[in-house]
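Student: Provide a 3D model corresponding to the input given below.
(2 chains)
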2 protein chains.
Amino acid sequence: MNGEKTTGGLGRRRFLTGSAKLAATGLLAGGAVTASGIVRAEGIPKELPDHSRYLGPGVTDEPYGVPSQYEAHVIRRNVEWLTASAESSVNFTPLQDLHGIITPNGVFFERHHSGRADIDPKTHRLVIHGLVDREVSFTMEDLLRFRPVDRIFFTECAANGGMEWRGAQLNGVQFTRGMLGCAQWTGIPLKTLFDHVGLKPKAKWLLAEGGDASALTRSIPMEKALDDCMVAFAQNGEMLRPGQGYPIRLVVPGWEGNMWVKWLRRLEVGDQPWYTRWETSKYTDLMPSGKAYKFTWVQEANSVITSPSPEKPLNGAGPYIIRGLAWSGHGKVKRVDVSTDGGKNWVTAPLEEPVISKALVRFYLPWRWDGKSSALLQSRVIDETGYVQPTIAQLREARGVHSIYHNNSIMTWLVNPTGEVENVQVA
Amino acid sequence: MNGEKTTGGLGRRRFLTGSAKLAATGLLAGGAVTASGIVRAEGIPKELPDHSRYLGPGVTDEPYGVPSQYEAHVIRRNVEWLTASAESSVNFTPLQDLHGIITPNGVFFERHHSGRADIDPKTHRLVIHGLVDREVSFTMEDLLRFRPVDRIFFTECAANGGMEWRGAQLNGVQFTRGMLGCAQWTGIPLKTLFDHVGLKPKAKWLLAEGGDASALTRSIPMEKALDDCMVAFAQNGEMLRPGQGYPIRLVVPGWEGNMWVKWLRRLEVGDQPWYTRWETSKYTDLMPSGKAYKFTWVQEANSVITSPSPEKPLNGAGPYIIRGLAWSGHGKVKRVDVSTDGGKNWVTAPLEEPVISKALVRFYLPWRWDGKSSALLQSRVIDETGYVQPTIAQLREARGVHSIYHNNSIMTWLVNPTGEVENVQVA
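Tutor: Here you go, the predicted structure:
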């Protein structure tokens, strides 16, 4: 589209007729002529709008700002039937309305098991004990005395897309891939804290425990803990929101969101995993044989087209941008391919910088729709390990249909001749 | 600090005595013993806190989330005497409480000249006219059909620190360097739009006009416009806030914030600058001779220590992290030096990744305070052009004291023996 020189292709683009001078003073009083020569005055104000004539509110009335009233549709949403209560449930990030790779804190998805804890940081403690030289209880002030790091990582619930395993077709990006967000996290590397307390020779595993009423606990191998995990206190520049574990949470880059323990109060060091309920009866992939994988920690490579999508239908023929996100828990996204015919033909989409390991990556691909044909939009990511995002059929063949977790299959959006878009599954 | 093995240095760090098992069940019922052997039970709850015993609110009550009630002090603030009315004024980013390089949209500083316009994007138009092949009025839907880019840049008001020129000593990071923010901006490069409308051979300058009641206008050389400027519609993942120019603003990387025209409604292409009031009587640097520089667009290299700072005093002897930000309108930050003795001795501080051209860069430097001595904390940035951040004395020597704008001098925080911190100017 960038090089387009014809005037016929953009029906909604208007050309001023002699009103340039008026426009130059801000007085858009004239009509307008489209490329086809038809006067189209609608939508162009006859006189200056109020916001160009009167003072707006000053700087004192919004100490903490909020989005425009015209963006009230950009909110987290939940699925009523999904879990038994609002306190043990999930809401979804409105990916279809977001841009870039930073997920705003206000719409960052939440998954709670006992609701959103509200903790006074002055009384909060992080205890480290077990196979360490010195058992320590840190205050928040203590933690802030260690050298922090800032890192951009995605986090994704293991159950993202889980409702699709058996064929449910939730009609939207938000409900099928919205248990996902990406932020710049600021925190103290676990390595720094363990250097401080001293690890005993048999220290091979870590138990992380949350301070909410569910006391969620997960086992993490020490090798991962010392590699890139951190105790985070800030997200996207400000202190964590309560729904993200304020005042501290664990960050476990590339691994399932359930392990990013929120309201973190305890780290126990041991020599073997604990096999808690959160890693046995829950968050475990059940195979067709009736057995389950012991641990499936990594969120494998995944991608989704966020627009066009069920929430972002097409409005007539013309140029569009296919917008999407890709990510991989194994490292960097290497390539994203896009298909408009259900996977028969693929075009590689350019990736927007920065491409950060274990972070969301944005891709944009210009596409022209004729305004009448159906299309089947798909994206497929390949990460730096060479792993290729699978189809749902491939996933089902490997794992059957008993699973809930780790559905990273290719999504398919059916563009109807009307411009409406549906979530479908193709062979 | 990372390698510290002694137990004497961290007076506020507590060691559990036999309560590890209780801690393991979350029951922090025991007392605690400090490194010096004194029992200190205060602050450690005798029983489980309510948030560990009862359900919190569910996922349905915060469609758009907010910070913790315990972070209510992290807000934009304004200086009452600074301008005549709240509608034509400025608020300041609470840099002292922020982390990483992303400035949250809720606390991103605002500078308005006629208050915060509230524009319905459905009726908004961007007109491009003048020395172009085709004059065009774009709707928001039109703009979203062009291929966007995502870019992380700082923006800073030219008057940031302006009150310090003549020696005012506003006591805080927020009021002396808080007309500053950094975000991931999503928008359409001006080059893309000008490729679309076609530039005539004499097109050398651009006039950008805002749609609020002040109709702020600035001239921009076409070379800069085609280099890295964009019409942005999103900031940190979501649509611009009204205070940042919703639905569209200009992004002029590295150049003074006044040029990042908000509520953008018009781009006129010409062959010479317009010399508007916003680039002549205002936003111009007055020299000692009584003459003024014609244009001073670039925000030169600058840095500030955000903690310790007047808002972030020290709490007793022990290890601290000197936290700060550095930036340069000319490109990448190359190095940041930190002094604790008013500029006599300097230590180079490690820079946190990512180091992005024309974006904020975070630095952290561990520092131990003895709890009784005074200190003079300073940071000094050097950018990739070799430019070194000047002292206020150097700036005054070059430009006198009539200026308001472009004060990028080294700030000095005096640490008193009490731990209180003051803004001072040293020779």
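Student: ok, residue A:182 to residue A:189 distance?
Tutor: Distance, residue A:182 to residue A:189, using CB to CB, to the nearest Å: 19 Å. Heads up, the C-betas are built off the backbone N, CA and C, glycines and all.
Student: so these two - more neighbours on which side?
Tutor: residue A:182 (27 against 22; other CB atoms under 10 Å in any protein chain shown).
Student: now that one, what's its secondary structure?
Tutor: Following DSSP: H, G, I helix; E, B strand; the rest coil, we place residue A:182 in the strand state.
Student: skipping adjacent residues, who's closest to it in space?
Tutor: Nearest residue to residue A:182 in three dimensions, chain neighbours excluded: residue A:360, at 3.9 Å (CB to CB, 6 or more residues apart in numbering or on different chains).
Student: ok, residue A:130 next?
Tutor: Nearest to residue A:130 is residue A:269, by CB to CB, 6+ apart, at 3.9 Å.
Student: now the strands: where do they sit in the stretch 201-350 of chain A?
Tutor: A:205-210, A:217-221, A:230-235, A:238-239, A:249-251, A:264-270, A:302-307, A:318-327, A:333-339, A:347-349 (DSSP state E, counting those that start in this stretch).
Student: domains for chain A, by residue range?
Tutor: Domain assignment for chain A by automatic domain parsing gives A:14-52, A:86-279, A:302-424.
Student: how many neighbours does the residue in the stretch 201-350 of chain A positioned nearest to chain B have?
Tutor: With CB to the nearest CB, the shortest gap between the stretch 201-350 of chain A and chain B falls at residue A:234, namely 3.8 Å. Neighbours of residue A:234 under the rule other CB under 10 Å: 24.
Student: that one bridge partners, please.
Tutor: residue A:186, residue A:239 (DSSP bridges).
Student: is it true that it touches residue A:244?
Tutor: No - using CB atoms under 8 Å, residue A:234 makes no contact with residue A:244, being 10.0 Å away.
Student: need the contact list for the residue of the stretch 101-250 of chain A found nearest chain B.
Tutor: In the stretch 101-250 of chain A, the residue that lies nearest chain B is residue A:115 (3.1 Å; CB to the nearest CB). By CB atoms under 8 Å, 6 or more residues apart in numbering or on different chains, the contact list for residue A:115 reads A:86-88, A:212-213, B:55-58.
Student: and the helices in the stretch 301-427 of chain A?
Tutor: A:392-399 (DSSP state H, counting those that start in this stretch).
Student: what does it have sitting close to chain B?
Tutor: Residues of the stretch 301-427 of chain A found near chain B (CB under 8 Å from any CB of the partner chain) are A:315, A:318-321, A:352-354, A:356, A:362, A:364, A:366.
Student: mind running it again at 7 Å?
Tutor: A:315, A:318-321, A:352, A:354, A:362, A:364, A:366 (CB under 7 Å from any CB of the partner chain).
Student: give me the below-cutoff pLDDT ranges for chain A.
Tutor: Low-confidence segments of chain A, defined by pLDDT under 70: A:1-46, A:427.
Student: ok, the closest residue to residue A:178 other than its chain neighbours - contacts?
Tutor: Once flanking residues are discounted, residue A:178 sits nearest to residue A:92: 3.2 Å by CB to CB, 6+ apart. Residue A:92 sits next to A:76-78, A:109, A:174-175, A:178-179 when contact means CB atoms under 7 Å, 6 or more residues apart in numbering or on different chains.
Student: do residue A:104 as well
Tutor: B:105, B:236-238.
Student: could you measure from residue A:308 over to residue A:373?
Tutor: 13 Å.
Student: quick one, which of the two is more surrounded?
Tutor: In terms of neighbours (other CB under 10 Å), residue A:308 is the more surrounded of residue A:308 and residue A:373; the figures are 24 against 11.
Student: need the contact list for that one.
Tutor: Contacts of residue A:308 (CB under 7 Å, 6+ apart): A:314, A:320, A:322, A:377, A:413, A:415, A:421.
Student: neighbour-wise, which of these leads?
Tutor: For these, neighbours tallied by other CB under 10 Å; top is residue A:413, 26 neighbours.
Student: wait, it sits on residue A:306?
Tutor: No - applying CB atoms under 7 Å, one finds residue A:413 not in contact with residue A:306, separated by 10.0 Å.
Student: tell me, how many residues neighbour the residue nearest to residue A:229 when sequence neighbours are not counted?
Tutor: The spatial neighbour of residue A:229 that comes closest, neighbours along the chain excluded (CB to CB, 6+ apart), is residue A:190 at 4.6 Å. By other CB under 10 Å, the residues close to residue A:190 number 25.
Student: next up, phi/psi of residue A:190, please.
Tutor: phi -60, psi -30 (degrees, to the nearest 10).
Student: correct me, but it touches residue A:226?
Tutor: Yes - judged on CB under 7 Å, residue A:190 makes contact with residue A:226 at a distance of 6.5 Å.
Student: residue boundaries of the helices in the stretch 51-200 of chain A?
Tutor: Under DSSP H, counting those that start in this stretch, the stretch 51-200 of chain A gives helices at A:140-143, A:173-177, A:190-197.
Student: quick one: the last one to chain centroid distance?
Tutor: When distances are taken as CA atoms, centre = their mean, to the nearest Å, helix A:190-197 is centred 30 Å away from the chain's centroid.
Student: got a list of contacts for that helix?
Tutor: A:128, A:132-134, A:136, A:146-147, A:225-226, A:229-231, B:2-4.
Student: thinking again about what came up before, can you put the strands of the stretch 201-350 of chain A in TSV and add distance to residue B:258?
Tutor: Shown next, in TSV, are those (distance: least, CB to CB, whole Å):
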stretch	distance to residue B:258
strand A:205-210	47
strand A:217-221	49
strand A:230-235	30
strand A:238-239	26
strand A:249-251	38
strand A:264-270	44
strand A:302-307	33
strand A:318-327	31
strand A:333-339	38
strand A:347-349	37
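Student: among those strands, which is nearest residue B:344?
Tutor: Judged by CB to CB, the one of the strands of the stretch 201-350 of chain A that comes nearest to residue B:344 is strand A:230-235, at 33.1 Å.
Student: list the helices and strands the closest one packs on?
Tutor: Other elements packing on strand A:230-235 under the criterion 3 or more CB pairs under 7 Å, 6 or more residues apart in numbering or on different chains; DSSP states H and E are strand A:180-189, helix A:190-197, strand A:249-251.
Student: I'd assumed residue A:384 was in contact with residue A:332.
Tutor: Yes - shown here, residue A:332 and residue A:384 form a contact pair, counting by CB under 7 Å, at 4.4 Å.
Student: how far away is the nearest residue to residue A:330 once chain neighbours are set aside from chain B?
Tutor: Nearest non-adjacent residue to residue A:330, counting by CB to CB, 6+ apart: residue A:385, 5.0 Å away. In this structure, residue A:385 and chain B are 22 Å apart, going by CB to the nearest CB, to the nearest Å.
Student: for residue A:179, what are its contacts?
Tutor: By CB under 7 Å, 6+ apart, the neighbours of residue A:179 are A:90, A:92, A:109, A:111, A:156-157, A:159-160.
Student: narrow these to those in strands?
Tutor: Within the contacts of residue A:179, residues falling in strands by DSSP state E are A:90, A:111, A:156.
Student: quick one: contacts for the residue of the stretch 201-350 of chain A closest to chain B?
Tutor: Contacts of residue A:234 (CB under 7 Å, 6+ apart): A:186, A:240, B:99-100.
Student: go with 8 Å
Tutor: A:185-187, A:240, B:98-100.
Student: ok, now residue A:221?
Tutor: A:204-206, A:273.
Student: then residue A:411?
Tutor: So residue A:411 contacts A:176-177, A:304-305, A:378-379, A:423 (CB under 8 Å, 6+ apart).
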